[in-house]
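In: I'll drop the sequence and a predicted model, then ask my questions.
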Amino acid sequence: MQFEAISIEGLSHRFLSRTRPPTTALTDVSCVFPAGKVTAIVGPSGCGKSTLLLILRGLVEASAGKVRFLYGDGSGQLTAGDAPRMATVWQSFNLLPWRSVIDNVAFGLELAGVSLAERQAKAAEAIKAVELAGFEKHYPGQLSGGMKQRVGLARGLVQSPDILFLDEPFGALDAQTRLYLQEQLSTLVEASAKTVILITHSIEEAIFLADHVIVMTARPGRVARSLDIDLPRPRGIDVQNDKRFGEYFSEIYGLLRDEVRKAMLN
Ligand SMILES: Nc1ncnc2c1ncn2[C@@H]1O[C@H](COP(=O)(O)OP(=O)(O)OP(=O)(O)O)[C@@H](O)[C@H]1O
């Protein structure tokens, strides 16, 4: 059976607190994340993007609704099954400062009980894929922000996940580094045909990297619109000159503008 999609139906989530009124983070979210595609989620601050990611990763249990991981046998019939292998790259790098680059990248494999030789070989390959060969023995404190984030990316890739989650992966980086890493990520994603779910505040980043963009409303987050990004691949940064890029930007910004305003007044 092959992993085909994540399907979310009527998902809502409310955070309860003993000391504060409850916060409804998500309300009646329904959407599909197809396998082998990049889906970007954009939405105003606080609309529940990270909460959605935590629910998809099984780290938070939704108050209502369903998340189903769908598998097919090629006949067109889909059946729900267990979550496939997943990895997440976080904005805040989350590197262990006392471990070298290669040991940081290999950490997940070590926890999974993979032998030293195998995890070192796999980690070296992932480090090469993010163009950090030669830095295996460096420590996080010796790296720039962009290099740290590439280590984070390698740590996600090394696990050969079926689904790679990227939560604002480049948010903490300067504009040029961000652009460079977006290009690198685009190449990596195209080469691996992975299922990627990207959370971002950047409309350009969403259009550049994704096959589909889900635009969310202000909190409590709902799906405002789901758009297909019909731009050729492989994509280089010059895809921004394509007329359709500007049209997608205007459409998404048009949807977001009022929502961002509402989020500011929330
Ligand atoms: N553990 C929690 N307890 C209570 N409220 C929470 C908790 N986690 C998140 N929230 C609230 O739920 C709402 C959604 O938060 P979430 O972090 O999912 O939004 P987001 O869209 O990822 O935000 P941002 O874009 O700013 O990262 C926010 O109002 C937030 O304050």
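Out: Received, thanks.
In: In three-state terms, label residue 134 for me.
Out: Following DSSP: H, G, I helix; E, B strand; the rest coil, the label given to residue 134 is coil.
In: What are the contacting residues of the helix of greatest length in the chain?
Out: Across the chain, the helix with the greatest residue count (assigned by DSSP state H) is helix 243-265. For helix 243-265, the external contacting residues (Cβ atoms under 8 Å, 6 or more residues apart in numbering) are 42-47, 203-204, 206-207, 213, 215-219, 224-225, 227, 229-231, 239. Heads up, the C-betas are built off the backbone N, CA and C, glycines and all.
In: what about the residue in the stretch 101-250 of the chain that the ligand sits nearest to, neighbour count?
Out: Proximity of the stretch 101-250 of the chain to the ligand (Cβ to the nearest ligand atom) peaks at residue 219, 5.2 Å away. Residue 219: 22 surrounding residues under other Cβ atoms under 10 Å.
In: Can you tell me the element it falls in?
Out: Remark: residue 219 resides in no helix or strand, with elements defined by DSSP states H and E.
In: just to revisit the earlier point, pull out the buried residues from the longest helix of the chain.
Out: 245, 248, 251-252, 255-256, 259, 263 (16 or more other Cβ atoms under 10 Å).
In: Residue 51 is in what secondary structure piece?
Out: Per DSSP H and E: helix 49-56 holds residue 51.
In: Check which helices and strands that helix sits against.
Out: Helix 49-56 sits against strand 2-15, strand 23-34, strand 163-167, strand 195-199, with contacts defined as 3 or more Cβ pairs under 8 Å, 6 or more residues apart in numbering; DSSP states H and E.
In: ok, it near the ligand or not?
Out: Yes - on the criterion Cβ under 6 Å from any ligand atom, helix 49-56 is in touch with the ligand at 49-51.
In: follow-up on the earlier one: which of the buried residues of helix 243-265 sits closest to the ligand?
Out: Within these, distances to the ligand taken as Cβ to the nearest ligand atom reach their minimum at residue 263, with 8.8 Å.
In: Find the nearest non-adjacent residue to that closest one, please.
Out: Excluding the flanking residues, the one nearest residue 263 by Cβ to Cβ, 6 or more residues apart in numbering is residue 44, at 3.6 Å.
In: A helix includes that neighbour, no?
Out: No - under three-state DSSP, residue 44 falls outside any helix and is assigned coil.
In: For the residues of helix 49-56 next to the ligand, give me JSON lines that also has neighbour count.
Out: Listed next are those as JSON lines, based on neighbours: other Cβ atoms under 10 Å:
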{"residue": "49", "neighbour count": "23"}
{"residue": "50", "neighbour count": "17"}
{"residue": "51", "neighbour count": "23"}
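In: who in the stretch 1-150 of the chain is up against the ligand?
Out: So far as Cβ under 6 Å from any ligand atom goes, the stretch 1-150 of the chain lies against the ligand at 15, 17, 23, 25, 43, 45-51.
In: PyMOL command to pick out the buried ones of the residues you listed?
Out: Here is the PyMOL command that selects the buried residues among these (16+ other Cβ under 10 Å):
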select buried, resi 25+43+46+47+48+49+50+51
